[in-house]
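Asker: below are the sequence and a predicted model for it; my questions follow.
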Amino acid sequence: MDANGSDPRYPDLRTVVGDLAVWLAVGGVLGGLVLGGLAVREERYLRHGMSFLALAAVKTRVWETLFAGIPVLGVSATVFAAGRLAFRRLRGWPGLGLFLLLSAAAVHFLGLYAPARIGWGRLGVAEKVLVLLGLGIAVERTLIPGRLGKIPGRIPRAAAAVLLLLVPVGLSAAVQLAWAGRAERVGGRPSFLFLVVDALRADHVGALGYGRDTTPAIDRLAERGYLFTNAVSNSIATRFTVPSIFTMVFPRVHGIVVDGQTLSRRFVTLAEHLREEGYATAAWCPNPSLNSVFGYDQGFAHYDDQILNDDPALPVWRRFETAKRMNRRFLAWVEENGDRPWFAYLHYRDTHFPYAPPPAYDRMYYRRRPGERALRPVTAAEYALQPSPGRMAVGDETDLHDLAYYIAQYDAEIRYTDDQIAILLAALEKAGRLANTWIVVTADHGEGFLEHGRWNHGNVLYDEACHVPLVIVPPRPPPGGKRIPAPVHTFDASRTILDLAGVEPKGHLQAKSLLPLLEGKGDPPWTHAYVEKKQRSVLRGPRWKYLLDTGRGRQREELYDLRNDPGERRNVAASHPGLVGELRKRVRAIRRLNEELAREVDVGSLSLTKKQKDDLRALGYLK
């Protein structure tokens, strides 16, 4: 002890704080390089969504990463202080070895179980650098003071501290690699939650610029994950697009082009790929177009298509409300599933007409007072164009002849569905089910409100029908999220899931993985996204959108500059003959390829029962 009663072998607070500033630069850079190198060499980390997210966080959000890691550093400093007190009398190399081992274990388990509120779970590996930095400081300043000069070769103090820093890094990394290998063998691959909101058009999503607060939950996911701003559905109706999501081929190839056709067993669906790898698979599909009789249950161990309540005595909103019931059944299934990795497909039908939101959401966005005139009157001719005149929404006579009412009630249905998604995610978070779960949110198609003279969907290939949201959220999201303008399709999300799960694709898949875009590597997989329905095709890029219609023995071409004409009002095909010619060649090449692939597929047909016809008719799929 010195004159002040302190032990000179141990540093005072000022010394430790001063060293913190010095070692922040040294340990941060070195620790980042070491952890990054380990992660890049270990491909399993990429598949589990760990390393590239952390590296991207360090590269693009350096200051945010450092500040978010300070609380974690505080936690680690507490652990180290306790260790110093516990082993203060255990001197020499035995004490050092024991302390390093226990500290490495603390670092490892902090990384696995630290709560999100201290920043670890949100930013992934980046904060671990700061924890290890704190460990290096504690070791260098508290455990072996005065001994560094005796190390063989007279290694400088800074170099010796850095070498000591590598010991817990290596131990923690070795434990994590062993854990990853064990997890992969026993089913520790990530789970996948695939959410499809029926008929959700992109321009009614807040994250994509909509003025109404319709999608706060989806917007939060977009802020945390990857938002694809130029995603399209592969076609413009559920019965065409969802088979593409499942099979990862274009509609002409899977062959479902008219009502009553069944999916060929020749395809290995996304669910079949995952089930063969040991995944639990389940789907909830209240849309009658996705009834299991059409073969869409291929690969799903559990397929629930009996969610609609067709009791005519119930209010219309209760008959067609499905989100709450679907959530309840899904959460029960997840609980029963235990720790096995799973793939779940949830198809939220509530946004599909008839627009009949629950009472708490009814008229949420409609501003007409009783007795006032319609805000945007619907003419008799426009009213007659509805797929089910008088049944697209629930309201009085003035309501049903006001276009603003339909849009407001549609938006209310979107908000209700979004709130149910928020409830679902909160329940999964509380149960600890999102720690290793990728989330996909998209739509099967959009919805029209007379922008081009048609209601609903299934008729036109303009953006109101085919431009949809696509959000992919990893278990450890990048800070601040990322907007990706590259043109993509909804079925590309399915192909991406195969890569993330480490599953080798079977058969010829036309979808392309988006994993390189998530990692920020390489060029976009598509220059233009392709949409089709029978003899009509679309190529849509970030700026130009080309439409080719060769039905009824004619050829009609349209070209729109989405940058200057997002509403697709001015056909400029005549002004750009060279571009039109190039895009026409591409469309015809895609059509030829699809025709060749389609020859190998046996598409069945089905005689629908009366109830099946009634269910489809209620949603406008049959006349």
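Answerer: Alright, I've got the coordinates. Numbering: from 1, shown residues only.

Asker: run through the helices of the stretch 251-400 of the chain in chain order.
Answerer: Along the stretch 251-400 of the chain, the stretches classed as helices by DSSP state H, counting those that start in this stretch are 251-254, 270-276, 316-320, 323-337, 380-384.

Asker: buried sites along the longest one?
Answerer: The neighbour-count check on helix 323-337 (16 or more other C-beta atoms under 10 Å) flags 323, 325-327, 329-331, 333-334, 337 as buried. All C-beta spots, glycine's among them, are computed from the backbone N, C-alpha and C.

Asker: tell me what it is packed against?
Answerer: Packed against helix 323-337 by the contact rule (3 or more C-beta pairs under 8 Å, 6 or more residues apart in numbering; DSSP states H and E) you find strand 280-284, strand 302-304, strand 342-348, helix 403-430.

Asker: so which of these gets nearest Gly551?
Answerer: Counting by C-beta to C-beta, Gly551 lies closest to helix 403-430 out of the helices and strands packed on helix 323-337; the figure is 28.2 Å.

Asker: which residues touch the following helix or strand past that closest one?
Answerer: For helix 403-430, the following helix or strand on the C-terminal side (DSSP states H and E) is strand 437-442. With C-beta atoms under 8 Å, 6 or more residues apart in numbering as the test, strand 437-442 has contacts from 49, 190-197, 218, 221, 225, 231, 421, 425, 428, 468-475, 490, 493, 497, 500.

Asker: could you rerun that using 7 Å?
Answerer: Residues outside strand 437-442 that contact it (C-beta atoms under 7 Å, 6 or more residues apart in numbering) are 49, 190-196, 218, 221, 231, 468-475, 490, 493, 500.

Asker: could you do stretch 525-533 as well?
Answerer: By C-beta under 7 Å, 6+ apart, the list of residues contacting stretch 525-533 from outside reads 232-236, 240, 250-252, 461, 466, 487-489, 512, 537-541, 590.

Asker: residue ranges with poor pLDDT in this structure?
Answerer: 1-188, 259, 601-623 (pLDDT under 70).

Asker: so which of the helices and strands packed on helix 323-337 is the most packed in?
Answerer: Neighbour counts (mean count of other C-beta atoms under 10 Å) averaged over each of the helices and strands packed on helix 323-337 peak at strand 342-348, with a mean of 25.

Asker: who does that strand pair up with?
Answerer: Sheet pairing of strand 342-348 (DSSP bridges) gives strand 191-197 (parallel), strand 280-284 (parallel).

Asker: could I get the ones you listed as CSV with distance to Gly567?
Answerer: Below are the strands paired with strand 342-348 laid out as CSV (distance: least, C-beta to C-beta, whole Å):
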stretch, distance to Gly567
strand 191-197, 23
strand 280-284, 35
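
Asker: as TSV, the helices of the stretch 251-400 of the chain with distance to Ala573 would be great.
Answerer: Below are the helices of the stretch 251-400 of the chain laid out as TSV (distance: least, C-beta to C-beta, whole Å):
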stretch	distance to Ala573
helix 251-254	24
helix 270-276	37
helix 316-320	41
helix 323-337	42
helix 380-384	27
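
Asker: what's the closest of those to Pro370?
Answerer: With C-beta to C-beta as the criterion, Pro370 lies closest to helix 316-320 of those, at 19.8 Å.

Asker: packing partners of that closest one?
Answerer: Helices and strands touching helix 316-320, as assessed by 3 or more C-beta pairs under 7 Å, 6 or more residues apart in numbering; DSSP states H and E, are absent.

Asker: list the buried ones in that helix?
Answerer: Within helix 316-320, judged by 16+ other C-beta under 10 Å, the buried ones are 317, 319-320.

Asker: list of residues touching it?
Answerer: Around helix 316-320, the neighbours that count as contacts under C-beta under 7 Å, 6+ apart are 308-311, 354, 356-358, 394.

Asker: can I get the helices and strands packed on helix 323-337 in JSON lines with distance to Arg570?
Answerer: Converted to JSON lines, the helices and strands packed on helix 323-337 look like this (distance: least, C-beta to C-beta, whole Å):
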{"stretch": "strand 280-284", "distance to Arg570": "42"}
{"stretch": "strand 302-304", "distance to Arg570": "45"}
{"stretch": "strand 342-348", "distance to Arg570": "35"}
{"stretch": "helix 403-430", "distance to Arg570": "22"}
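
Asker: tell me which of the ones you listed approaches Val205 most closely.
Answerer: Across the helices and strands packed on helix 323-337, Val205 has its closest neighbour in helix 403-430 (8.2 Å, C-beta to C-beta).

Asker: run through the neighbouring helices and strands of that closest one.
Answerer: If contacts are counted by 3+ C-beta pairs under 7 Å, 6+ apart, helix 403-430 sits against helix 216-224, helix 323-337, strand 448-449.

Asker: okay, the ones you listed in JSON lines with distance to Leu597 next?
Answerer: Formatted as JSON lines, those follow (distance: least, C-beta to C-beta, whole Å):
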{"stretch": "helix 216-224", "distance to Leu597": "34"}
{"stretch": "helix 323-337", "distance to Leu597": "34"}
{"stretch": "strand 448-449", "distance to Leu597": "30"}
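
Asker: re earlier: out of the strands paired with strand 342-348, the one nearest Arg552 is which?
Answerer: Of all those, it is strand 191-197 that lies closest to Arg552, at 32.3 Å by C-beta to C-beta.

Asker: so Trp544 versus Gly432, what's the distance?
Answerer: 46 Å (C-beta to C-beta, to the nearest Å).

Asker: more neighbours, those two?
Answerer: Taking neighbours as other C-beta atoms under 10 Å, Trp544 and Gly432 compare with Trp544 leading, 18 against 9.
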